[in-house]
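*Asks:* Sequence and computational prediction follow.
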Amino acid sequence: MFSLEDYILPADWRPARIRDVTVRTVQRNPGREPEKTFRYVDVSGVDNTLFKVRVATPLKGAEAPSRARKDVRRDDVIFATVRPTLKRVAMIPSELDGEIASTGYCVLRANAEKIVPGFLYDCLLTDWFIDAMGKLERGASYPAVRDSDVFSAEIPLPPLPEQRKIAGVLGVVQRTMEQQERLLAITNELKKALMHKLFTEGLRGEPQKQTELGPVPETWGVATLESVAVAFDYGTSVKCEHGKTGVPVLRIPNVVGGSIDLSDLKHGQPKRSELDQVRLQDGDLLFVRTNGVLENAGRCALYRGELEDCYFASYLIRVRVDSSKVLPAFVNEYARTERGRSFLSGRAIRTADGKFNINSGTLKRVLLPLPSVEEQKKVVCQLDLVDRKLKLHERRHTALNNLFRTLLHQLMTAQIRVHDLDLDFLECGDMSPHVTIRKVK
């Protein structure tokens with residue numbers, strides 16, 4: 001638990017056990033009113049990235065599960081005692097005042113004379129608190145802590161005015177993170193809608209014709225992937241490991257969302273005889289050959305020369321196309337449409353071990369809408385503009401998340417004092433990733 005031995009706290013801060021700064025809550029059985037509707041917060045209903053209630057299921061009392069017993073009120077803090085290291089922590093919003101939460105939560109109701117609800121909530125989000133709960137877990141298959149473990153935890157307690165300021169600063173960052181997440185969701189929906197429009201109506205809104213693919217612009221053709229490709233290749237089966245021994249080898253986890261993700265890169269040493277065959281070139285398309293999830297069989301990404309010397313593993317199929325007929329980026333975008341994905345996943349074969357496989361024969365039969373190369377360039381350009389917006393929102397969200405984690409730790413351990421911060425950004429209610437928190441001289 002938190003200890004004065006871990007951090008040097010200011011003279012006006014003191015340690016306190018959670019039970020000493022909270023008030024008792026009650027349980028009630030909604031089943032006693034079988035016709036009355038209530039909203040139920042199950043353990044899975046809390047988002048453990050934004051730390052808020054995402055889902056509260058409307059149920060009648062007669063439908064209440066046996067775990068629906070914890071009465072919750074506005075500004076209560078709920079902490080999932082089941083697998084506590086998953087960090088399912090939330091504050092009850094006003095619209096859920098008087099509803100019911102699972103007994104899988106410990107419900108903490110702040111004593112307003114001693115602790116600010118937002119500050120109590122922030123305490124439960126800190127790494128040191130989560131780590132402490134993790135050490136108290138009991139049970140192998142269903143690890144959990146008891147409510148008494150949470151209430152016995154010791155936390156640092158600044159004066160109430162400083163608690164309010166700390167909670168205010170962290171709250172602004174969280175609200176801006178939520179805003180970025182909403183922008184991400186909106187931009188993703190925009191991309192889906194634009195992809196559907198472009199691949200069925202084209203750029204000029206010209207008349208459509210019916211094809212084996214469905215409706216496409218009248219001037220577009222339809223071709224098999226085999227007819228516009230120059231090679232279909234399987235990768236190396238060399239053993240790959242983390243570290244710098246050997247050369248980088250792309251695997252299934254690296255093929256994500258149309259692009260290459262290098263965050264989980266492994267290295268291996270392909271046989272000398274296969275080096276030329278499995279070396280990647282800018283413009284190569286990589287398709288996932290096998291996956292335990294049907295929708296992921298055939299997932300595609302475009303290799304854009306991210307690494308100087310790079311290879312690909314045997315669970316991927318590399319396709320090279322004739323760029324005088326079709327642009328690799330155009331194929332990559334089409335493979336991400338609902339129509340393109342459903343063709344591949346619909347032809348995947350389920351194996352004895354429960355995985356879904358495609359092969360080069362399946363890829364060769366993939367049908368593509370085929371406009372002129374010039375029109376392909378324009379389609380790709382429009383979609384690339386949306387992708388750039390997505391990446392911008394993703395970078396901002398990541399920066400805000402890092403800022404929140406840093407501020408949470410430093411403010412809650414008094415490494416930074418809230419009254420030493422430049423808080424001008426609070427007045428406009430905005431927090432962008434480029435904002436620098438600086439100490440006032």
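*Replies:* That came through, no problem. Note that the structure is a prediction, hence the values are computed from the model and not measured. Residues are numbered from 1 along each chain as shown.

*Asks:* Please count neighbours and contacts with C-alpha atoms only from this point.
*Replies:* Fine.

*Asks:* What is the neighbour count of the closest residue to residue 205 other than its chain neighbours?
*Replies:* Ranked by C-alpha to C-alpha, 6 or more residues apart in numbering and with sequence neighbours excluded, the top spatial neighbour of residue 205 is residue 217, at 7.8 Å. Burial measure for residue 217: 23 neighbouring residues, criterion other C-alpha atoms under 10 Å.

*Asks:* Next up, the contacts around residue 217.
*Replies:* Going by C-alpha atoms under 8 Å, 6 or more residues apart in numbering, residue 217 touches 200-202, 205-209.

*Asks:* Look up phi and psi at the most centrally placed residue in the chain.
*Replies:* Computing the C-alpha centroid of the chain and ranking residues by C-alpha atoms, centre = their mean puts residue 49 first, at 7.9 Å. With angles defined as degrees, to the nearest 10, residue 49 sits at phi -110, psi -40.

*Asks:* Tell me the spacing between it and residue 410.
*Replies:* Taking C-alpha to C-alpha, to the nearest Å as the measure, residue 49 and residue 410 are separated by 19 Å.

*Asks:* With residue 313 instead?
*Replies:* When C-alpha to C-alpha is the yardstick, residue 313 and residue 410 sit 43 Å from each other.

*Asks:* For those two, indicate the residue with more neighbours.
*Replies:* Neighbours were tallied for residue 313 and for residue 410 using other C-alpha under 10 Å; the higher tally belongs to residue 313 (22 against 15).

*Asks:* phi, psi of the residue nearest to residue 205?
*Replies:* Comment: the main-chain dihedrals of residue 217 come out as phi -60, psi 150, following degrees, to the nearest 10.

*Asks:* which residues does it bridge with?
*Replies:* According to DSSP bridges, residue 208 are recorded as the beta-bridge partners of residue 217.

*Asks:* per-residue pLDDT, it?
*Replies:* Residue-level confidence at residue 217 comes out at 94, pLDDT.

*Asks:* Ok, the one 3 residues further on next?
*Replies:* The model reports residue 220 with a pLDDT of 95.

*Asks:* swap in the one 4 residues further on?
*Replies:* Note on residue 224: pLDDT of 93.

*Asks:* Tally up the residues packed near it, please.
*Replies:* Look at residue 224: counted by other C-alpha under 10 Å, it has 15 neighbours.

*Asks:* Next one: the residue nearest to it when sequence neighbours are not counted from residue 196, what distance?
*Replies:* By the measure of C-alpha to C-alpha, 6+ apart, the closest residue to residue 224 outside its immediate chain neighbours is residue 367, 4.4 Å from it. Counting by C-alpha to C-alpha, the separation of residue 367 from residue 196 is 16 Å.

*Asks:* go on, residue 409?
*Replies:* Residue 409 sits 44 Å away from residue 196 when distances are taken as C-alpha to C-alpha.

*Asks:* Equivalent analysis for residue 302, please.
*Replies:* Separation of residue 302 from residue 196 (C-alpha to C-alpha): 20 Å.

*Asks:* next one: residue 135
*Replies:* Using C-alpha to C-alpha, one gets 50 Å for the distance from residue 135 to residue 196.

*Asks:* What of residue 73?
*Replies:* Using C-alpha to C-alpha, one obtains 44 Å as the distance from residue 73 to residue 196.

*Asks:* Name the residue in the two with the higher neighbour count.
*Replies:* Neighbour count, other C-alpha under 10 Å: between residue 73 and residue 196, residue 73 has more, with 21 against 16.

*Asks:* can you pull the contacts of the closest residue to that one other than its chain neighbours?
*Replies:* Closest residue to residue 73 apart from its sequence neighbours, by C-alpha to C-alpha, 6+ apart: residue 97 at 4.4 Å. Listed by C-alpha under 8 Å, 6+ apart, the contact set of residue 97 reads 72-74.

*Asks:* Confirm residue 73 sits in a helix?
*Replies:* No: for residue 73, which was evaluated using DSSP: H, G, I helix; E, B strand; the rest coil, the result is coil, with no helix membership.
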